[in-house]
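J.: Just the structure for this:
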Amino acid sequence: MSVNESEQRPDVREGIVQTSIPPEEVARLSDDIISALKTVYDPEIPADIFELGLIYKIDIDDDRMVKIVMTLTAPGCPVAGEMPSWVQNAVSAVEGVSGVEVEMTFDPPWTPDRMSEEAQVAIGWY
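T.: Okay, here's the model as predicted:
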């Protein structure tokens, strides 16, 4: 799945590549990966990175290697160097995942429009 600037808040589940892994296992893995991502919080914003819309893409390869493309709220975010390892650690703990690669991108740049209603409520914007 490619995310472009015209998309408001795409469902990253649509970007999960269907592989030779049985569909029910892909569904379980994707749900568990998203649950793991929801345990990672931006320390300056009281919402998890998934609900903030910082996750652009999740791919699960045939060998159960997970590749995540994500962004930050701003390129100068104080945790820019740490956030990818937080994501890697959280997703690595999911049963059945063989490894995790995290790629950081700022294209397209994050905007508040990517936040879910849950995140908007958490930070008092809704």
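
J.: Neighbours of D32, how many?
T.: D32 is flanked by 16 other residues according to other Cβ atoms under 10 Å. C-betas here are computed from N, CA, C, even on glycine.

J.: any idea what sits nearest it, other than its immediate chain neighbours?
T.: Leaving aside its chain neighbours, D32 sits nearest to V94 (4.6 Å; criterion: Cβ to Cβ, 6 or more residues apart in numbering).

J.: can you check V87 too?
T.: Counting by Cβ to Cβ, 6+ apart, the residue nearest V87 is V102, at 5.0 Å.

J.: Phi and psi next, for the residue nearest to D32.
T.: In terms of degrees, to the nearest 10, the main-chain angles of V94 are phi -70, psi 130.

J.: Check the spacing between the nearest residue to A122 once chain neighbours are set aside and E117 real quick.
T.: Excluding the flanking residues, the one nearest A122 by Cβ to Cβ, 6+ apart is A47, at 4.3 Å. According to Cβ to Cβ, to the nearest Å, A47 and E117 sit 11 Å apart.
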